[in-house]
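# sharing a sequence plus its predicted fold:
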Amino acid sequence: MMSHELLTFSISVFTGFFAIMNPIGNAPIFLGMTEGFSDREKKKIAKISTLTAFLIVTSFIVMGNLIFMAFGITIPAFKIAGGILVFYVGFEMLQSKKSTIHRQRKPEGDKDTADENESNTDIAVTPLAIPILAGPGTIVTAMNYITKGDYIRTGIVIAIFALMIVLTYLAFIGSEKIIEKVGKGLIAVISKLMGLILTVIGVGMLVDGIKLSFGV
């Protein structure tokens, strides 16, 4: 019985992370931001962005209960606020709204290598790691799964998030092939499907929060 519950929990966690992080949908974003970079530079940016995102979200997962206590956050309030936020992210994906964050490219004649390398690192951290991969939606989704404070479930959440980070890294470095094989039209459909899943997850979190608030 316990193993069945953990399996169901694991599938739920994977679905939630896959929808919020959407590796396939983020592939075109990565490709657009790294246009003109060499394969070596792209791999470096992909590595830094995914590793940074993993460290940020894992920190919130591990210290989730401490954060709740430090700021006096109750589980019902977190689920209600988190549900609204996740619903909003999913709704925006359904509306096909594009990110307003754009990378400033350096002029062709600028040969300042040090500044260029720093710029490459900057886009790996912001906006790729934050907020595209480790944005509020991802953090809220992660912390929603560890609200019970169960060490086994916390370990499962970290392991599945690590898997998502690996999948995201592979999607980033293989972004050109993904777009070539899948096509932008199908990627848009996948993004909308992920948006629908997120809205459902958001509503579920909201309902859970309301039930906990009123002891239903």
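Received it, and whenever you're ready, just let me know what you need.
# can you pull the contacts of the residue nearest to Val182 when sequence neighbours are not counted?
Sequence neighbours aside, Ile24 is the residue nearest to Val182 in space, at 6.9 Å (criterion: CB to CB, 6 or more residues apart in numbering). Yep, even glycine has a C-beta here, placed from its N, CA and C like the rest. Taking CB atoms under 8 Å, 6 or more residues apart in numbering, we find Ile24 in contact with 171, 178, 182, 187, 190.
# backbone dihedrals for the third one, please?
Just to be clear, that refers to Val182. Per-residue torsions, Val182: phi -80, psi -40 (degrees, to the nearest 10).
# shift numbering so it begins at 351
That works, and once the first residue is 351, the last one we named lands at Val532.
# pLDDT at it, what is it?
Looking at Val532, its pLDDT stands at 84.
# how much space is there between it and Ile434?
Remark: distance between Val532 and Ile434 (CB to CB, to the nearest Å) = 32 Å.
# with the second one instead?
When CB to CB is the yardstick, Ile528 and Ile434 sit 32 Å from each other.
# how about the fourth one?
Computed with CB to CB, the distance linking Ile537 and Ile434 is 27 Å.
# before we move on, what about the last one?
The spacing between Ile540 and Ile434, counted by CB to CB, is 24 Å.
# the closest residue to Ser563 other than its chain neighbours: what's it in contact with?
Residue nearest to Ser563 in three dimensions, not counting chain neighbours: Pro426, with 4.3 Å by CB to CB, 6+ apart. The contact partners of Pro426, by CB under 8 Å, 6+ apart, come to 559-560, 562-563.
# the helix ranked longest in the chain packs against which elements?
Using DSSP state H to define each element, the chain has its longest helix at helix 534-564. Here helix 534-564 touches helix 352-371, helix 373-383, helix 425-444, helix 486-494, helix 525-532, going by 3 or more CB pairs under 8 Å, 6 or more residues apart in numbering; DSSP states H and E.
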